[in-house]
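Novice: Please work out how this folds:
(one chain, ligands or ions: 1)
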Amino acid sequence: MTTHIYKGIAIPSLDRATLFDVVVDDGVFTHVDAVPRPRGGGETELWPGYTEAHAHFALPCNWDDSLDSPRITALQYLYHGVTQVVDMFGFPVIADEWEAGRADSPWPYPEVVHCGYAVTAMTDGAGRNGHGVEFPAPVYMLAVESDLEIALRANAERGATFLKAMFTDGTEQPGSPVRFSRLSERILRFTARMAEERGIPAVIDCNTLEETRFAYECGFRLFAHSVRDTELTETDWKEFDGARFVSTLAGLRPMIMSGDDFAAEYSREGFVQTQDPHNLAFVQKIEQPFGIEYGVQETRTAALQDMRRNALAALDRGRLLVGTDSGNLGAYHGYSFLSELELLRGEDPTPDLAFRLREQATVGGRRYFDELAGRPSPEHPISVGQPATFNLHDPASPLSALPETTVVQGVPIDRDAIAAEISALRATDTKGKVIL
Ligand SMILES: [Zn+2]
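Specialist: Presented below is the predicted three-dimensional model:
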């Protein structure tokens with residue numbers, strides 16, 4: 001039997017004022033005992049592993065459009081203390097390679113829950129495709145109600161446990177150009193109803209308030225992004241009773257970043273150790289943000305601010321899910337999750353905000369993960385009988401800092417060994433890439 005003992009540590013998500021002695025036997029918590037000594041403040045904090053609530057394993061986040069092998073992606077998550085990942089479409093494309101990697105890995109992989117392939121609209125009369133068709137992962141196009149049955153069955157056969165519906169026409173602001181076709185109201189209502197009847201969680205991809213309002217009215221409650229074209233008012237929040245939103249700031253930001261912003265963003269520990277180093281050379285050549293080149297710098301900058309405000313308002317209501325949209329350009333697996341926490345925190349230095357963000361990114365994220373997986377959630381992930389999957393944090397470090405220690409199902413994650421393994425995978429003939 002292997003035993004690890006952690007004495008006098010803080011577990012703020014259980015009790016912010018108390019210290020605990022924790023014992024792990026054979027990968028499971030066997031003691032989580034409060035000790036009769038008040039917290040002084042500087043003690044190491046134990047938190048559940050992070051849950052990434054919006055990722056795409058099969059999308060290329062690298063600037064040369066290459067897709068890292070899922071063997072690397074799994075290690076990128078572990079390195080950053082992310083132990084649960086929600087894949088928001090595309091996972092079946094890389095599932096075999098993921099399984100092969102897991103079988104070979106000395107470290108337990110992060111847990112994944114996925115939706116299979118997304119459903120979207122048919123091409124419309126003006127020749128516009130449904131959102132999702134532009135990505136290198138399949139989507140199902142729904143023309144009539146019975147098409148949904150085919151999509152649900154095929155996804156279930158591939159291990160999907162929830163549904164992802166695309167419902168955005170790509171407008172950034174009211175009046176900006178329409179880029180995608182959208183599902184009809186009839187199909188949208190039918191999709192929400194069928195998912196509800198069958199107990200399949202349904203997540204919908206919307207951008208604007210108008211789209212979010214429409215989808216809510218049709219029965220959707222889980223939104224893959226925060227509203228980006230306006231700050232929600234108190235009246236809006238009343239209207240969106242029970243709706244939850246994923247933050248996804250890190251996925252939007254690369255479009256408006258300058259060369260200096262990129263240099264700063266890529267300078268944290270963990271970037272060179274886990275990500276494709278060619279990305280550094282690419283961003284050095286960026287003379288102006290892509291937002292300026294494409295004429296969307298102002299709208300995207302405003303969108304990022306609105307998304308942050310809406311995400312924090314959701315946090316206040318217990319309805320924020322922390323996720324990045326990683327897999328999109330410049331939104332790196334694992335690394336961008338820690339960026340997301342810092343972007344959400346912004347200039348607000350209050351310890352209470354940091355506490356609530358980390359709680360939502362761990363305990364709240366885990367509950368969401370279990371819900372999407374269709375399995376019961378424990379009362380608290382740090383309790384006797386639960387797998388010992390957790391991070392130890394220095395309370396004085398910023399939210400974007402790597403955990404001091406990551407343990408997955410009782411196995412300590414060796415960051416240096418992971419970095420060496422990633423480097424070895426990148427040195428092979430495939431350069432650690434997969435072609436779909
Ligand atoms: Zn996404």
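
Novice: Report the residue spans of this structure with pLDDT below the cut-off.
Specialist: By pLDDT under 70, the chain has no low-scoring segment.

Novice: again, 90 this time
Specialist: For the chain, residues meeting the criterion pLDDT under 90 lie at 1, 38, 41, 134-138, 171-177, 285-287, 290, 293-296, 299, 436.

Novice: Which helix runs longest in it?
Specialist: helix 297-316 (DSSP state H).

Novice: Output the contacting helices and strands for it.
Specialist: strand 244-246, helix 249-252, helix 290-293, strand 320-321, helix 335-345, helix 351-359 (3 or more Cβ pairs under 8 Å, 6 or more residues apart in numbering; DSSP states H and E). Every residue, glycine included, has its C-beta placed from N, CA and C.

Novice: number of nearby residues for P70?
Specialist: By the criterion of other Cβ atoms under 10 Å, P70 has 26 neighbours.

Novice: Look through the stretch 201-350 of the chain and state the residue closest to the ion.
Specialist: D325 (4.4 Å; Cβ to the ion).

Novice: And the stretch 1-150 of the chain, by the same measure?
Specialist: Closest point on the stretch 1-150 of the chain to the ion, by Cβ to the ion, is M88, at 4.7 Å.

Novice: who's in contact with that residue?
Specialist: 54-56, 114-115, 118, 164, 203, 205, 224, 325 (Cβ atoms under 8 Å, 6 or more residues apart in numbering).

Novice: change it to 10 Å
Specialist: Shown in contact with M88 (Cβ atoms under 10 Å, 6 or more residues apart in numbering): 52-57, 59, 114-115, 118, 162, 164, 203, 205, 224, 246, 248, 323, 325-327.

Novice: Likewise for E359?
Specialist: 12-13, 16, 47-48, 315, 365.

Novice: How far off centre is the longest helix of the chain?
Specialist: Taking Cα atoms, centre = their mean, to the nearest Å, one finds helix 297-316 lying 17 Å from the centre of the chain it belongs to.

Novice: got it, and stretch 181-199?
Specialist: 24 Å.

Novice: go on, stretch 233-251?
Specialist: Centroid separation for stretch 233-251 versus its chain: 16 Å, with Cα atoms, centre = their mean.

Novice: Where do the strands of the stretch 101-250 of the chain begin and end?
Specialist: With DSSP state E, counting those that start in this stretch as the criterion, the stretch 101-250 of the chain has strands at 111-114, 118-121, 139-142, 163-166, 202-205, 222-223, 244-246.

Novice: Which stretch among those approaches D65 most closely?
Specialist: Checking the strands of the stretch 101-250 of the chain against D65 by Cβ to Cβ gives strand 139-142 as the closest, at 18.9 Å.

Novice: picking that back up, let me have the strands of the stretch 101-250 of the chain in TSV, adding distance to the ion and mean neighbour count as columns.
Specialist: As requested, the strands of the stretch 101-250 of the chain are exported to TSV (distance: least, Cβ to the ion, whole Å; neighbours: other Cβ atoms under 10 Å):
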stretch	distance to the ion	mean neighbour count
strand 111-114	12	23
strand 118-121	9	27
strand 139-142	12	21
strand 163-166	8	28
strand 202-205	7	25
strand 222-223	11	25
strand 244-246	9	25
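
Novice: Redo the ones you listed as JSON lines? Include distance to G374.
Specialist: Shown next, in JSON lines, are the strands of the stretch 101-250 of the chain (distance: least, Cβ to Cβ, whole Å):
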{"stretch": "strand 111-114", "distance to G374": "9"}
{"stretch": "strand 118-121", "distance to G374": "18"}
{"stretch": "strand 139-142", "distance to G374": "20"}
{"stretch": "strand 163-166", "distance to G374": "12"}
{"stretch": "strand 202-205", "distance to G374": "13"}
{"stretch": "strand 222-223", "distance to G374": "14"}
{"stretch": "strand 244-246", "distance to G374": "17"}
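
Novice: And those: which comes nearest P412?
Specialist: It's strand 111-114; of the strands of the stretch 101-250 of the chain, that one is closest to P412 (Cβ to Cβ) at 17.6 Å.

Novice: Using PDB, write out the CA atom coordinates for that closest one.
Specialist: The C-alpha coordinates for strand 111-114 follow below in PDB (Å, rounded to 0.1, in the frame of the first residue of the first chain):
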ATOM      1  CA  GLU A 111     -10.800  12.600 -17.500                       C
ATOM      2  CA  VAL A 112     -12.700  13.600 -20.700                       C
ATOM      3  CA  VAL A 113     -16.400  14.000 -21.400                       C
ATOM      4  CA  HIS A 114     -17.400  14.800 -24.900                       C
END
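
Novice: Show me what it is packed up against.
Specialist: strand 50-55, helix 70-79, strand 82-87, helix 91-104, helix 365-373 (3 or more Cβ pairs under 10 Å, 6 or more residues apart in numbering; DSSP states H and E).

Novice: ok, and which of these has the densest surroundings?
Specialist: Per residue and on average, the most neighbours among these fall to strand 50-55, with a mean of 30 (mean count of other Cβ atoms under 10 Å).

Novice: related to what we said a few turns ago, right, and the strands of the stretch 101-250 of the chain - which one's nearest L152?
Specialist: With Cβ to Cβ as the measure, strand 163-166 is the member of those nearest L152 (6.9 Å).

Novice: That closest one: how far from the chain's middle?
Specialist: On Cα atoms, centre = their mean, the centre of strand 163-166 falls 16 Å from the chain's centre.

Novice: ditto for stretch 389-407
Specialist: Here the centre of stretch 389-407 is set off from its chain's centre by 18 Å, with Cα atoms, centre = their mean.

Novice: what's the span of that stretch, first residue to last?
Specialist: Between the opening and closing residues of stretch 389-407 lies a distance of 5 Å (Cα to Cα, to the nearest Å).

Novice: do stretch 46-66 as well
Specialist: End-to-end for stretch 46-66, by Cα to Cα: 36 Å.

Novice: Perfect, I'm done here.
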